[in-house]
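> my questions are about this predicted structure, shown below with the sequence.
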Amino acid sequence: MKRWRITRWRFIKNGDFGLIGGTFTDIVAIDPTGTVIVHKLLSTCSQLYSDAPLHGIRSILKLHPHQPIPVEQIAEVRMGTTVATNGLLERKGDSTVLLITKGFGDALRIGYQNRPHIFARQIHRPELLYEEVIEVAERYSAQGEELQPITEAEIQRITTALQLAHGKGIRTCAIVLMHGYRYPAHEEQIATLARLVGFRQVSVSHQVSPLIKLVSRGDTTTVDAYLSPILRNYIDGLVEELTGTEEDGSQGNNKNKVGWKYRSTSSYPTLRFMQSNGGLIDAHCFQGKDSILSGPAGELWVQWKPVKKQGSTKLLVLIWGDFHGCSPLPRRI
């Protein structure tokens, strides 16, 4: 076994796990003595376990399948995940409503009119990620002049429309307004209404993707709204296993979470995820739009850096990669 100069347990995960279940999950662990341990298991095996990374950690620590994980022995967990990738491919994201400037309700459906088969007699349109559209009577000019403010009557109409969507079981909304990337006042106003109605996920374009072009900004914001809830549900499950608490610090298993605010402490391991751009980010900042290529991006960065800390006897868990996934992607550096 190769030795590393480190005094805490650390773990790495490579592979595919998530909604479609396929291929394998690979975990690399570095124990307190610096010994590197490699463990491989099926990503989906419902008869034996519900979550491959957590089961792999238990196996390495020689724990029973349902035995609590001794989190005080773990310094850090780093993961790459295809949860959002699979959710997008299989269209298993959250039901979403789109709020967009009046007159542009079909803008994302029309897109850029790309026609890869220009002479095809039967056109197959891409499946939309949102179920409903609410057009908002508002408008800023490109120079920031408020051409049409959001009136009280419009606020009441939007609130009613949001309540109807919420009553149908939709809990996620994407807000994309003309020139909102630069003049966000109207987007912020609509976002406040959505949260008051009870939407759990509110993705606002000037925060998610402040781009000039409406379609690209709208597509990214819609993807973020569509995928963030399923990603958060997965992360919440990990947090509960690693801390024994909910996002608000309470005990239990509340499935209707609004979002969690887990932070690593001396008692809990740090939890970080690989983004599509190849960078690591704390779990509480991990968003749907940044997770689509989380697994594939990890393949290019399957490496670990020993963390030196005097008197530490903890484990590092690194969980990355997409070497043999159900949807392998070629890369070039």
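Done, it's in.
> helices of the chain, residue ranges please.
52-60, 83-89, 107-110, 152-167, 185-197, 205-208, 214-243, 294-299 (DSSP state H).
> CA atoms only: put the fifth one into CSV for me.
This points to helix 185-197. The C-alpha coordinates for helix 185-197 follow below in CSV (Å, rounded to 0.1, in the frame of the first residue of the first chain):
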residue,chain,number,x,y,z
ALA,A,185,-35.7,44.6,-9.0
HIS,A,186,-38.7,43.0,-10.7
GLU,A,187,-37.2,39.5,-10.4
GLU,A,188,-36.6,40.0,-6.7
GLN,A,189,-40.2,41.2,-6.3
ILE,A,190,-41.6,38.1,-8.0
ALA,A,191,-39.3,35.8,-6.0
THR,A,192,-40.6,37.3,-2.8
LEU,A,193,-44.2,36.5,-3.9
ALA,A,194,-43.2,33.0,-4.8
ARG,A,195,-41.6,32.3,-1.4
LEU,A,196,-44.6,33.8,0.4
VAL,A,197,-46.9,31.4,-1.5
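> tell me what it is packed against?
Counting by 3 or more C-beta pairs under 8 Å, 6 or more residues apart in numbering; DSSP states H and E, the packing neighbours recorded for helix 185-197 are helix 152-167, strand 172-176, strand 201-204. C-beta coordinates here come from the backbone N, C-alpha and C atoms, glycine included.
> gap between the residue minimising distance to the centre of the chain and N86?
The residue lying closest to the centre of the chain (C-alpha atoms, centre = their mean) is G288, at 3.3 Å. As judged by C-beta to C-beta, to the nearest Å, G288 and N86 stand 13 Å apart.
> which residues touch the nearest residue to E188 once chain neighbours are set aside?
If the residues on either side of it in the chain are set aside, E188 comes closest to V204, at 7.1 Å by C-beta to C-beta, 6 or more residues apart in numbering. Contacts for V204 (C-beta atoms under 8 Å, 6 or more residues apart in numbering) come out as I175, G180, P184, E187, E188, A191, T221.
> burial of P70, as a residue count?
As a burial measure, P70 scores 12 neighbours (other C-beta atoms under 10 Å).
> from what I can see it touches K62, true?
No. Under the criterion of C-beta atoms under 8 Å, P70 makes no contact with K62, lying 10.9 Å away.
> you'd agree K92 is up against N233?
No. Counting by C-beta under 8 Å, K92 does not reach N233; the two are 11.4 Å apart.
> now the end-to-end length of stretch 113-121.
One end of stretch 113-121 to the other measures 15 Å (C-alpha to C-alpha, to the nearest Å).
> what of stretch 54-65?
In stretch 54-65, first residue to last residue: 9 Å (C-alpha to C-alpha).
> tell me the mean pLDDT over that stretch?
Stretch 54-65 comes out with an average pLDDT of 90.
> same check, this time on stretch 292-307
Rounded mean pLDDT across stretch 292-307 is 59.
> from Q287, how far off is the nearest residue to E127 once chain neighbours are set aside?
Nearest residue to E127 in three dimensions, chain neighbours excluded: R91, at 6.2 Å (C-beta to C-beta, 6+ apart). Distance, R91 to Q287, using C-beta to C-beta: 19 Å.
> neighbour-wise, which of those two wins?
Q287 (20 against 10).
> ok, the more buried one touching V223?
No. Contact criterion C-beta under 8 Å: Q287 and V223 do not qualify, at 9.8 Å.
> between those two, what contacts are shared?
By C-beta under 8 Å, 6+ apart, Q287 and V223 have no common neighbours.
> what's around L54, how many residues?
Neighbour count for L54, taken as other C-beta under 10 Å: 17.
> what do you get for the one 10 residues further on?
Burial of H64 is recorded as 7 neighbouring residues (other C-beta under 10 Å).
> next up, the contacts around it.
If a contact means C-beta under 8 Å, 6+ apart, then H64 has R58 as its contacts.
> what separates it from R58, distance-wise?
Distance, H64 to R58, using C-beta to C-beta: 7 Å.
> check S216 too.
43 Å.
> of these two, which one has the most company?
Counted by other C-beta under 10 Å, S216 and R58 do not tie: R58 has more neighbours, with 19 against 14.
> need the contact list for the more buried one.
H64, P65, Q67, I69.
> look up how far H179 lies from the second one.
When you say that, I think you mean P65. Counting by C-beta to C-beta, the gap between P65 and H179 amounts to 54 Å.
> who has more neighbours, these two?
H179 (21 against 11).
> hmm, A137 is touching Q148, no?
Yes. A137 is in contact with Q148 according to C-beta under 8 Å; the separation is 6.3 Å.
> I'd guessed V71 sits against V239; true?
No. V71 is beyond contact range of V239, at 10.6 Å (criterion: C-beta under 8 Å).
> more neighbours, those two?
In this view V71 and V239 are compared by other C-beta under 10 Å, and V239 has more residues nearby, 22 against 17.
> quick check, the more buried one in contact with F273.
No. Using C-beta under 8 Å, V239 is not in contact with F273; the gap is 11.9 Å.
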